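Visitor: The amino acid sequence is not available; the structure is as follows:
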């Protein structure tokens with residue numbers, strides 16, 4: 001094995017040491033230091049006044065309220081906010097107590113939402129939003145009340161929410177397009193960025209959120225492999241688990257599909273453009289800033305479209321299903337797929353991601369070997 005060659009000083013890190021907090025994220029906290037929680041009344045980012053007022057009515061301190069409010073991710077807050085506003089309007093029109101009510105009022109509210117045309121998934125979000133602060137007079141939780149659970153089953157029967165995809169696209173089609181993007185030195189920065197992004201998405205099976213959070217300080221490269229550690233909270237992060245280290249091997253059979261070579265070239269190309277930016281992916285136009293999560297999705301969509309995939313049917317997140325399904329079809333053990341992608345149970349893969357075709361090092365290599 002060749003001597004390990006670290007990424008140039010600004011991007012290298014000893015993976016056995018403590019991971020630095022990503023500069024673009026507020027979710028990583030230095031070890032041993034507890035973040036100072038701002039008073040809930042001053043925490044304008046939450047914008048869930050009903051939840052805060054519910055906590056205040058319980059006599060909780062501002063600091064305690066702020067910590068409790070922090071349990072909801074920003075995406076969850078945004079999702080809840082819509083239905084909490086609708087609930088407030090519903091209660092004001094009927095002169096109902098916003099914080100304490102009966103199950104009949106909750107069912108009437110959910111029925112109004114159902115009649116407005118929304119489906120099971122949105123109604124379930126509304127139920128969860130109310131559960132975050134609302135108390136029923138009988139002290140039963142909204143989510144576990146038998147009538148509300150029966151109501152939700154009825155909604156599913158009348159207006160079922162089915163999986164977006166019953167099949168997935170052929171990974172070979174996209175790999176052949178990526179292979180055509182060569183040599184790397186002739187590619188524009190945008191093309192190079194899109195090629196690296198799609199290789200990472202397919203060979204690791206990760207969400208766009210995870211790829212968006214990759215930090216160059218948490219990347220370790222040798223001639224034979226690249227290791228990436230995510231130092232930020234992810235959608236699936238919890239006190240007991242976090243995504244493990246991503247390990248991707250070089251692919252000597254075809255340098256045009258080698259993620260290690262592509263990663264090295266991208267880091268060398270972008271090093272003089274980064275200034276203080278440490279996120280892996282930066283914008284292709286000046287000033288070179290960290291790309292947004294939406295940009296990651298657009299880049300993935302562009303590659304799919306250029307490869308000939310129907311982007312009206314398949315969204316950027318479909319790379320996760322396509323990667324895992326192809327790995328399963330190649331008889332890569334399900335345990336390997338689950339460990340590589342970061343799922344905790346094989347039931348998640350089998351129920352939501354294993355689709356017929358219309359990681360660790362082994363997974364990425366087998367996926368590339370399948371490209372004819």
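Guide: Looks like it arrived, so ask away. This one's a predicted model, so the numbers in the text were calculated from it and none came from an experiment.
Visitor: Helix, strand, or coil at the residue nearest to the spatial centre of the chain?
Guide: Against the mean C-alpha coordinate of the chain, by CA atoms, centre = their mean, the closest residue is residue 209 at 3.8 Å. Following DSSP: H, G, I helix; E, B strand; the rest coil, the label given to residue 209 is helix.
Visitor: wait, isn't it in contact with residue 297?
Guide: No. If you go by CB atoms under 8 Å, residue 209 and residue 297 don't touch, sitting 9.9 Å apart. All C-beta spots, glycine's among them, are computed from the backbone N, C-alpha and C.
Visitor: roughly how far apart are the residue lying farthest from the centre of the chain and residue 105?
Guide: Most distant from the centre of the chain: residue 95, at 40.0 Å, with distances by CA atoms, centre = their mean. According to CB to CB, to the nearest Å, residue 95 stands 11 Å off from residue 105.
Visitor: Equivalent analysis for residue 96, please.
Guide: Per CB to CB, residue 96 is found 6 Å from residue 105.
Visitor: Low-confidence regions, the stretch 201-350 of the chain specifically.
Guide: 231-244, 332-350 (pLDDT under 70).
Visitor: switch the cut-off to 80
Guide: Applying pLDDT under 80 to the stretch 201-350 of the chain picks out residues 230-245, 324, 326-350.
Visitor: What ranges does it have for its helices?
Guide: Remark: helices assigned in the stretch 201-350 of the chain by DSSP state H, counting those that start in this stretch are 208-212, 259-274, 293-307, 318-329, 334-341, 346-348.
Visitor: out of those helices, which comes closest to residue 119?
Guide: Residue 119 lies closest to helix 318-329 among the helices of the stretch 201-350 of the chain, at 20.5 Å (CB to CB).
Visitor: buried residues in the closest one?
Guide: Using 16 or more other CB atoms under 10 Å as the test for burial, helix 318-329 gives 318-328.
Visitor: Adding distance to residue 114, write those residues out as JSON lines.
Guide: JSON lines is the format used below for the buried residues of helix 318-329 (distance: CB to CB, whole Å):
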{"residue": "318", "distance to residue 114": "29"}
{"residue": "319", "distance to residue 114": "34"}
{"residue": "320", "distance to residue 114": "31"}
{"residue": "321", "distance to residue 114": "29"}
{"residue": "322", "distance to residue 114": "34"}
{"residue": "323", "distance to residue 114": "36"}
{"residue": "324", "distance to residue 114": "34"}
{"residue": "325", "distance to residue 114": "34"}
{"residue": "326", "distance to residue 114": "39"}
{"residue": "327", "distance to residue 114": "39"}
{"residue": "328", "distance to residue 114": "37"}
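Visitor: re earlier: kindly compare burial across the helices of the stretch 201-350 of the chain and name the winner.
Guide: Stretch with highest mean neighbour count among the helices of the stretch 201-350 of the chain: helix 318-329 (a mean of 24; mean count of other CB atoms under 10 Å).
Visitor: Just list what the top helix by length along the chain packs against, helices and strands only.
Guide: In the chain, taking DSSP state H as the definition, the longest helix is helix 74-94. Judged by 3 or more CB pairs under 8 Å, 6 or more residues apart in numbering; DSSP states H and E, helix 74-94 is in contact with helix 49-57, helix 103-115, helix 120-131.
Visitor: and the next helix or strand after that helix, which strands flank it?
Guide: Next along the chain after helix 74-94, taking DSSP states H and E as the criterion, comes strand 100-101. When pairs are called by DSSP bridges, strand 100-101 turns out to pair with strand 135-136 (parallel).
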